[in-house]
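> Everything below, folded, please.
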Amino acid sequence: MEKPILSSSPCISVVIPVYNNAAELACCLSALQRSDLSPQLETIIIDDGSSTVAEAIEQVASHYRATYFRQAVNGGPGVARNRGAELATGEIIVFLDSDCVAPSDWLAKLTRPILEGSCSATTACYCGPLKSNWITDFQDEDYLYRMPSTECETYFVNSCNLAVKRDAFFACGGFPNQRVSEDMVLGMRLAENGTPARFLPEAGVQHAYYENLKSYLKQRFSFGVNTIRSYFERGRLRSQQTKSSIRSFNPIRIGLGLFFGSLTLICVFMAGIVAIFKPDLAPLFLVGVLLSFLLEMSVHGRFLLFLKNRHGLRRSTSYIFLLFIIDVIYSGSLFVGLILGLRDRLIK
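Residues are numbered from 1 along each chain as shown. Here you go, the predicted structure:
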């Protein structure tokens, strides 16, 4: 990516990609307007080819005095963020998603280490769901559990809550063009360039999580596929990246979850076959189902304990079957990701 010329400009540029959702954008910009650093901000809205509410999005951007640019086609959030970075004039580029609502002190917390010169990029996660229900609470707790509780360097970046010096961003090539896991690739690129992000646990934003199970599981599958493809693209993590305290990509935990989740499915399938042809042997396979399920749950023991301590036993146990389903989803995404990753290698 060609780096634009830096001119005399606001110190901080906030880039917000949006697609077909003017209402969420209005909430996001309303909160951002209350930021402690609001006078120093340049806000850039990138409409990623919205098909239904483009005019409404432009009106929202105009109302909040934000720079507006509309992509001709929907290229995905990574492409939209790159375009926003090219338009930005600030020394620090901040990426925020349109479905996030930031506290008034968020921007000051997120950019302070960069302004002090102690790092080139910072990232954070979430501080709660905008709407609380069974599935949104699970997503928020899952993110909270997997994030470190103290500041640390990491190859993980969260593209909806990220600040980076413009020089570091353009030096690593920005976001890839892929639609999912693009933030993971950017984090790898920053680390490989010697400018790893610093995770800030206190700089979270509220997030509009998926409000139904189908949408959430679909996103988990896409995430798994693109994570595997990203590893094929980038290769093995380098030494700087292995220092990450993020639990998301613990290969042992994920591997065990995939193995026992798959084993449980096999046992269920075999139990059904045996129950049809030899009913007297079916209990043996049902025992196998129970044991493999318990082993699979032991992989998530710490997370379940984390949930119990925060929400009680009843709520934590209600998520056990969901964890199993997620592992099954990851098993399928691993297989698809391997095939697509190998195909990508052969094409190149």
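> Need the distance between the two termini of stretch 201-213.
Using C-alpha to C-alpha, to the nearest Å, the end-to-end distance of stretch 201-213 comes to 27 Å.
> Just the buried positions in that stretch, please.
Residues 203-210 are the ones in stretch 201-213 that count as buried (16 or more other C-beta atoms under 10 Å). To be clear about C-beta, it is placed using only N, CA and C from the backbone, and glycine gets the same treatment.
> Residues touching that stretch, excluding its own?
Stretch 201-213 has contacts (C-beta atoms under 8 Å, 6 or more residues apart in numbering) with 24, 96-97, 99-103, 106, 109-110, 122, 124-131, 133, 135-136, 139-140, 147-151, 160-161, 216, 219, 322.
> pLDDT and distance to residue 188 added to the buried residues of stretch 201-213, as CSV?
What follows is these, written out as CSV (pLDDT from 0 to 100; distance: C-beta to C-beta, whole Å):
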residue, pLDDT, distance to residue 188
203, 96, 21
204, 96, 23
205, 97, 23
206, 97, 27
207, 96, 23
208, 94, 27
209, 95, 25
210, 95, 25
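> Now distance to residue 294 and secondary structure too, for those residues, in a markdown table please.
Below are the buried residues of stretch 201-213 laid out as a markdown table (distance: C-beta to C-beta, whole Å; DSSP: H, G, I helix; E, B strand; the rest coil):
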| residue | distance to residue 294 | secondary structure |
| --- | --- | --- |
| 203 | 39 | coil |
| 204 | 34 | coil |
| 205 | 37 | strand |
| 206 | 36 | strand |
| 207 | 33 | strand |
| 208 | 35 | coil |
| 209 | 29 | coil |
| 210 | 28 | coil |
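> out of those, who's nearest residue 114?
residue 203 (11.7 Å; C-beta to C-beta).
> how near is that closest one to residue 44?
For residue 203, the distance to residue 44 equals 20 Å [C-beta to C-beta, to the nearest Å].
> helices and strands of this protein: which one bottoms out on pLDDT?
helix 251-277 (a mean of 67; mean pLDDT, DSSP states H and E).
> Any regions of the protein where pLDDT drops low?
Across the chain, the ranges flagged by pLDDT under 70 are 1-10, 233-265, 292, 296, 348.
> if you set the cut-off to 50 instead, what comes out?
Filtered on pLDDT under 50, the chain yields the residue ranges 2-9, 236-249.
> Okay, strands next: where are they in the stretch 101-250 of the chain?
121-123, 126-129, 152-154, 161-165, 197-199, 205-207 (DSSP state E, counting those that start in this stretch).
> looking at those, which is closest to residue 83?
Each of the strands of the stretch 101-250 of the chain has some distance to residue 83 by C-beta to C-beta; the shortest is strand 161-165, at 15.6 Å.
> ok, that closest one: who's next to it in the sheet?
strand 92-96 (antiparallel), strand 121-123 (antiparallel) (DSSP bridges).
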